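Asker: Predicted model and sequence follow; I will ask about them next.
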Amino acid sequence: DAGVIQSPRHEVTEMGQEVTLRCKPISGHNSLFWYRQTMMRGLELLIYFNNNVPIDDSGMPEDRFSAKMPNASFSTLKIQPSEPRDSAVYFCASSLSGLAGDSNEQFFGPGTRLTVL
Amino acid sequence: AQSVTQLDSHVSVSEGTPVLLRCNYSSSYSPSLFWYVQHPNKGLQLLLKYTSAATLVKGINGFEAEFKKSETSFHLTKPSAHMSDAAEYFCVVSDRRRDFGNEKLTFGTGTRLTIIP
């Protein structure tokens, strides 16, 4: 398996523009997580899905952020409009949760480095 | 509720000397515990995990950790540091209950390991 795939790897945009980050989880995994990492705040969980359904979005900063998972193999995180304080590395992770898995081990993608000018 | 405390934000050791990264956890239920490593500009990689079997867990690259319930600790050790071990290390706790809604991981704030040549 290729692991968790994220695109793009780097994104530079201007304030006010819409940004869409993409993630393909590991095939067969049933949980998907979006994280944000910054120097100031460390690693933060934004939202996670189980079987394509959003379970906990309490980490989403504000209404400018939205996430979807239309099917088991694809998820997006959208920021509209983007602001300079959104600059961070965004990670997607997936896991095999529930009784089918032996733990909640998460497999992380390489991340998308977002810079908002 | 669960939480994890990494007692040192930064650890420096000389190449060839032992490494000790300290972690204490709190969990209302029997936990699963993990150590993840993040090299500069990379994603997070699992080093090792404790679920419920042996309390001494061996991971990749010569690292190991011991689960001590009486001390609520899960310290990470390596007998001899290598230059390639320089990275950020995260201690992570998860609820071991394998049912719906308990998929989240709780991350520590990280320990930056520096290796002195």
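Answerer: On my side now, so go ahead.
Asker: which residues pair with residue 6 across the strands?
Answerer: In the absence of a named chain, chain A is used. As for beta bridges, A:Gln6 partners with A:Cys23 under DSSP bridges.
Asker: actually chain B
Answerer: According to DSSP bridges, B:Cys23 are recorded as the beta-bridge partners of B:Gln6.
Asker: How much space separates it from A:Tyr48?
Answerer: Going from B:Gln6 to A:Tyr48 by Cβ to Cβ, to the nearest Å gives 23 Å. C-beta: built from backbone N, CA, C; applies to glycine.
Asker: Which parts of chain B are helices?
Answerer: Applying DSSP state H to chain B gives no helices.
Asker: The helix or strand bottoming out on mean pLDDT in it: how far from the chain's middle?
Answerer: Taking all helices and strands of chain B together, the one with the lowest average confidence (mean pLDDT, DSSP states H and E) is strand B:105-107, at a mean of 89. Its chain's average C-alpha position is 11 Å from that of strand B:105-107, according to Cα atoms, centre = their mean, to the nearest Å.
Asker: What residues sit buried inside it?
Answerer: Applying a neighbour-count criterion of 16 or more other Cβ atoms under 10 Å in any protein chain shown, the buried positions in strand B:105-107 are B:105-107.
Asker: And B:Gln6 and A:Tyr48? Which one has more around it.
Answerer: A side-by-side neighbour count of B:Gln6 and A:Tyr48, using other Cβ atoms under 10 Å in any protein chain shown, places A:Tyr48 first with 26 against 19.
Asker: check contacts around B:Ala1.
Answerer: Taking Cβ atoms under 8 Å, 6 or more residues apart in numbering or on different chains as the criterion, B:Ala1 is in contact with B:26, B:28.
Asker: quick one: it from chain A, how far?
Answerer: The gap separating B:Ala1 from chain A is 14 Å, by Cβ to the nearest Cβ, to the nearest Å.
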